[in-house]
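Q: Okay, here's the prediction I keep looking at, along with the sequence it came from:
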Amino acid sequence: MGFNAFAMRLIFLALPGIVGSKVYKKLRGRTNRRRWEDFVEVFLFALASYAIVVIGTGLWQEVWRSEDAAQDGEAVLDAFLDEDLPLDWAAILKATVVSLLLGLAAAYNHTYSLSMRLARWMARMLPVFRSEFMMDRMDGGSPGRPSPLTTAPGLCR
């Protein structure tokens, strides 16, 4: 495999990552980062999109018992390592669409801080889950009757 053929394969296989990264940057806005962080972002978007395509294809085959659906992501990665195998354009297109959706979701998460909202909600709910009343309810006790876990011989000494 010549350098040009390898470079073209690399570009086509990184296409989903490039698209996802560009969508994410466009919607989120630019930040001052090092150049290598852009490469890591492209790699992670490409890896996540191919992983979702492989998992989705596997679930499709499992649910519908489809024998004609190919393992898209695995075929793409095999084509990256073996120059005799042709690139699977359908899998690259599927991964690009998935990466576009991932970029939109990541930008939405960044803009509206969904992960922080989830963390705050969990922190607010933690005292509720830790209260004695909830613990008594979870292990079968009631306010008028002691819990079997706290009255078992040998547990409370």
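A: Alright, I've got the coordinates. Not measured: the values here are computed from a predicted model. Numbers count the residues shown, from 1 in each chain.

Q: residues contacting the residue nearest to L47 when sequence neighbours are not counted?
A: Distances taken as C-beta to C-beta, 6 or more residues apart in numbering put G17 closest to L47, at 7.5 Å, once the chain neighbours are dropped. Every C-beta, even on glycine, is put in place using the N, C-alpha and C of the backbone. Listed by C-beta atoms under 8 Å, 6 or more residues apart in numbering, the contact partners of G17 are 41-47, 49, 99.

Q: So what's the residue count around M116?
A: Around M116 sit 10 other residues, with neighbours defined as other C-beta atoms under 10 Å.

Q: ranges for the helices of this protein?
A: Per DSSP state H, the chain carries helices over the ranges 3-28, 35-64, 72-81, 89-112, 114-130, 132-138, 148-151.

Q: gap between the residue nearest to L47 and V63?
A: 28 Å (C-beta to C-beta, to the nearest Å).

Q: again with L13
A: 28 Å.

Q: Comparing the two, which residue is more hemmed in?
A: More crowded of L13 and V63, by other C-beta under 10 Å: L13, with 19 against 8.
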